[in-house]
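Visitor: I'll drop the sequence and a predicted model, then ask my questions.
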Amino acid sequence: MSAGTSVLSGGSIVSGSRAINPWLIAMAVVIPTFMEVLDTTIANVALRYIAGGLSAAVTDSEWVITSYLAANAIILPISGWISAHLGRRNYFLLSIAIFTLSSLLCGMATSLSQLILFRVMQGLAGGGLQPSSQAILLDSFPTEKQGAAQTVFGVAALLAPVIGPTLGGYITDEYSWRWIFYINLPVGIAALFLCWLLVQDPEYLRSQRAELKKQPLNFDIVGLSLLALTLVCWEIVLSKGQEWDWLNDAFG
């Protein structure tokens, strides 16, 4: 919500001369979140088809999943910092745009290495969607309705990984594994338009961002690097530990 934006007692948000129903905002921000969580599982059942289509080993194709989850884990801890400096609305829209673009690139990949690279890009973009969407929901609803809004968010986040394997299997079997990524294009474009139209930063965030611009840009690169290394190693252990043997020297 921008300057001159307020929440009415009935829950509608007034921005200038417009009154926006917060449930429209909820729908707009839950769509990209559902899309992002769906992508954590939709490719699971398609790995053999991906490996065959890209002339790669099935065990190597598992990096399509691991790379996405590792990138997700890396970006989550710094999403707040990026949002504060870039603007929550800007960061949210940028994340949707990059996620949608990377989905297109994943579908167009001609080698496994390309697909893994684009999945990392997709995971980095997707990692910023969940915390941003939750924060937007909290600011869009009056206190008494925030629980209901978070319930809708929770249902979408829980339902998406359940639907993912079934939807991925159907798409792969009936069409092509590439369409498990292409399916994000119309959804992502629609979500980007709706969020651009409906989502605004609250006044307090705009003030915080203005204050941050006056201060030196401080960022703990060493801390982030160590955190990223730890998270990636942990994700690899969890994903590949059974295959490589937990007690193998590779994990020693």
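Guide: On my side now, so go ahead. Note that the coordinates shown come from a computational prediction; the quantities given were computed from them, not determined experimentally. Numbers count the residues shown, from 1 in each chain.

Visitor: how far does stretch 71-90 sit from its chain's centre?
Guide: 11 Å (Cα atoms, centre = their mean, to the nearest Å).

Visitor: over to stretch 121-137?
Guide: With Cα atoms, centre = their mean, you get 4 Å for stretch 121-137.

Visitor: any idea how far apart the tips of it sit?
Guide: Using Cα to Cα, to the nearest Å, the end-to-end distance of stretch 121-137 comes to 25 Å.

Visitor: give the contact list for the residue minimising distance to the centre of the chain.
Guide: Nearest to the mean C-alpha position of the chain, by Cα atoms, centre = their mean, lies G126 at 2.0 Å. By Cβ atoms under 8 Å, 6 or more residues apart in numbering, the residues touching G126 are E36, D39, Y68, A71, N72, S95, F99. For glycine as for every other residue, the C-beta is placed from the backbone atoms N, C-alpha and C.

Visitor: in the stretch 151-252 of the chain, which spans are helices?
Guide: 179-182, 184-198, 203-213, 221-244 (DSSP state H, counting those that start in this stretch).

Visitor: so for A157, which of the ones you listed sits nearest?
Guide: Taking Cβ to Cβ, helix 184-198 is the member of these nearest to A157, at 15.2 Å.

Visitor: enumerate the positions of the closest one that are buried.
Guide: Neighbour-count burial for helix 184-198 flags N184, V187, G188, A191, L192, L194, C195, L198 (criterion: 16 or more other Cβ atoms under 10 Å).

Visitor: hmm, who's touching that helix?
Guide: Residues from elsewhere that reach helix 184-198 (Cβ under 8 Å, 6+ apart): 20, 24-25, 27-29, 31-32, 35, 39, 89, 92-93, 96-97, 99-100, 103-104.

Visitor: out of those residues, list just those in helices.
Guide: Among the contacts of helix 184-198, the members falling in helices (DSSP state H) are 24-25, 27-29, 31-32, 35, 89, 92-93, 96-97, 99-100, 103-104.

Visitor: rewinding a little: can you say which two of the contacts of G126 are spatially most distant?
Guide: Maximum pairwise distance among the contacts of G126 (Cβ to Cβ): 14.3 Å, between Y68 and S95.

Visitor: what's the distance between T230 and I74?
Guide: Computed with Cβ to Cβ, to the nearest Å, the distance linking T230 and I74 is 10 Å.

Visitor: which one of these two is surrounded by more residues?
Guide: Regarding T230 and I74, a neighbour count based on other Cβ atoms under 10 Å identifies I74 as having more, with 21 against 12.
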